[in-house]
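> here are the coordinates; sequence isn't available:
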């Protein structure tokens, strides 16, 4: 009662309630993250995948400090040297240190994966959510276009686009993005159809909210967990496709360090210098498997239907 009689007490009470609400919201989010972290720790395979992905990011960020040699430095006198204390993973046909090139190649792999994900996430969501929300002929047209892209194997389609665009990382990113967005669009459409006739969407429409506002404010937060899981699982296919393009000479161009191109350059020395192809192949396998394991773990954590 004393608070209500003082001048400005209503404003003080209002600010106090707002601060309390903000604090409660922040605590709820922190609790959600904490529970998700505990669930991740409870899944050993997913946690191992998380550690590998975290290690990949750390290696890419700290490449100049981790690399033992200049990744571009050539010394033909040390060409095709086996694994030793001086060259941890041996040297290639030009005498370049394979370990240093592998470290810098992680940057190329991570760059392609992140850039493709940043491109396909909004494209896939916009196409799928628009088709699911509007329905009718818009849904038919957009989904038939999606089906056309899905009817081709992703690697074959990426090869076709990359060959027509020309070699290079940027063109490889475009080619891979054109093959990765259809599953995202399908998932976004399915999730949008689930919430399309929900009471909160109908209430927003009655209040005059447009389609863009409804999709961004109401549909995106509900679709985000499934899309995040799908994007994480797509990382492995993106890495494999990028490595395949690099292996065929349609991705990163020499002398840039890229795991697929490194494996391709060492295939003619496979019997005498096995490390040139084997070590980049193991790196591709390990990172791809890690993203798959992490994606499976995120599905269990983020999908409430699994709880």
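Right, received. Where do you want to start? No experiment lies behind these values; they were computed from the predicted model shown. Numbering: from 1, shown residues only.
> helices along this protein, start to end?
2-5, 9-42, 44-61, 63-66, 98-134, 136-150, 154-165, 169-195, 199-206, 211-214, 220-247, 259-265, 275-302 (DSSP state H).
> just the buried residues of the fifth one, please?
By neighbour count, with 16 or more other C-beta atoms under 10 Å as the criterion, the buried positions of helix 98-134 are 98-113, 115-117, 119-121, 123-133. C-beta here means a position set from N, CA and C on the backbone, and glycine is covered the same way.
> ok, back up a step: got the helices of the chain as JSON lines, with distance to residue 82 and mean pLDDT columns?
Output for the helices of the chain, formatted as JSON lines (distance: least, C-beta to C-beta, whole Å; pLDDT from 0 to 100):
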{"stretch": "helix 2-5", "distance to residue 82": "80", "mean pLDDT": "44"}
{"stretch": "helix 9-42", "distance to residue 82": "39", "mean pLDDT": "64"}
{"stretch": "helix 44-61", "distance to residue 82": "23", "mean pLDDT": "92"}
{"stretch": "helix 63-66", "distance to residue 82": "21", "mean pLDDT": "92"}
{"stretch": "helix 98-134", "distance to residue 82": "10", "mean pLDDT": "91"}
{"stretch": "helix 136-150", "distance to residue 82": "45", "mean pLDDT": "90"}
{"stretch": "helix 154-165", "distance to residue 82": "33", "mean pLDDT": "87"}
{"stretch": "helix 169-195", "distance to residue 82": "31", "mean pLDDT": "89"}
{"stretch": "helix 199-206", "distance to residue 82": "64", "mean pLDDT": "78"}
{"stretch": "helix 211-214", "distance to residue 82": "60", "mean pLDDT": "78"}
{"stretch": "helix 220-247", "distance to residue 82": "23", "mean pLDDT": "86"}
{"stretch": "helix 259-265", "distance to residue 82": "16", "mean pLDDT": "87"}
{"stretch": "helix 275-302", "distance to residue 82": "7", "mean pLDDT": "89"}
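> so which of those helices is nearest residue 80?
helix 275-302 (8.0 Å; C-beta to C-beta).
> what's the closest non-adjacent residue to residue 215?
residue 129 (5.2 Å; C-beta to C-beta, 6 or more residues apart in numbering).
> looking at the helices of the chain, which is buried most?
Sort the helices of the chain by mean neighbour count, taking mean count of other C-beta atoms under 10 Å, and helix 259-265 sits at the top with a mean of 24.
> among the helices of the chain, which is nearest residue 78?
Closest among those, using C-beta to C-beta: helix 98-134, at 11.3 Å.
> any idea how far that closest one is from the middle of the chain?
Centre-to-centre, helix 98-134 and its host chain are 5 Å apart (C-alpha atoms, centre = their mean, to the nearest Å).
> tell me what that helix is packed against?
If contacts are counted by 3 or more C-beta pairs under 8 Å, 6 or more residues apart in numbering; DSSP states H and E, helix 98-134 sits against helix 44-61, helix 63-66, helix 136-150, helix 169-195, helix 211-214, helix 220-247, helix 259-265, helix 275-302.
> okay if I get those as TSV plus distance to residue 75?
What follows is those, written out as TSV (distance: least, C-beta to C-beta, whole Å):
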stretch	distance to residue 75
helix 44-61	24
helix 63-66	20
helix 136-150	46
helix 169-195	26
helix 211-214	58
helix 220-247	24
helix 259-265	16
helix 275-302	16
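> and of those helices, who's closest to residue 79?
The nearest among those, by C-beta to C-beta, is helix 275-302 at 10.8 Å.
> now the angle from the closest one to helix 220-247?
Going by axes from the mean of the first three to the mean of the last three C-alpha atoms, to 10 degrees, helix 275-302 is angled at 170 degrees with respect to helix 220-247.
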